[in-house]
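Student: Sequence and predicted model, in that order:
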Amino acid sequence: MAILKSIPILKKLVDMAYAILVVIVLSALVGLILAFPVKLLWNYVFGSYLTINWFQAWALNVLTGILLSKTGNGKR
């Protein structure tokens, strides 16, 4: 990695890409952990009719976050 030492902007870009990758991976892991209670609750309520797995519960969390999140600065 001698080229990273000779080109400082490249080192900054690699460090930034690494930080972004870490944030994405940690966000996915936290999302999957938080999807477990959603899966349990969904399967308890709709267990005999329709069951979902862990990744479907995660997708349900993501979808509700997109649809129900407040966007903007609150001014109309």
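Tutor: Yep, it's here. Since the structure is predicted, the reported quantities are computational estimates derived from the model, not experimental observations.
Student: buried set for the biggest helix by length in the chain?
Tutor: The residue-count maximum for a helix in the chain (DSSP state H) belongs to helix 8-46. Across helix 8-46, burial judged by 16 or more other Cβ atoms under 10 Å covers 35, 38-39, 42. Every C-beta, even on glycine, is put in place using the N, C-alpha and C of the backbone.
Student: give the contact list for W54.
Tutor: By Cβ atoms under 8 Å, 6 or more residues apart in numbering, the contact list for W54 reads 32, 35-36, 39.
Student: now I33
Tutor: By Cβ under 8 Å, 6+ apart, no residues touch I33.
Student: And the pLDDT at I52?
Tutor: At I52, the model reports a pLDDT of 91.
Student: That one and L40 touch, don't they?
Tutor: No - between I52 and L40 there is no contact under Cβ atoms under 8 Å: 10.2 Å.
Student: related to what we said a few turns ago, looking at the contacts of W54, which is nearest W58?
Tutor: A35 (3.9 Å; Cβ to Cβ).
Student: residue contacts, that closest one?
Tutor: So A35 contacts 54-55, 57-58, 60-61 (Cβ under 8 Å, 6+ apart).
Student: Recalculate using a threshold of 6 Å.
Tutor: 54, 57-58, 61 (Cβ atoms under 6 Å, 6 or more residues apart in numbering).
Student: Buried ones among those residues?
Tutor: 57-58, 61.
Student: could you dump those to CSV with secondary structure, distance to P8 and pLDDT?
Tutor: Formatted as CSV, the buried ones among the contacts of A35 follow (DSSP: H, G, I helix; E, B strand; the rest coil; distance: Cβ to Cβ, whole Å; pLDDT from 0 to 100):
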residue, secondary structure, distance to P8, pLDDT
A57, helix, 44, 92
W58, helix, 39, 91
N61, helix, 40, 90
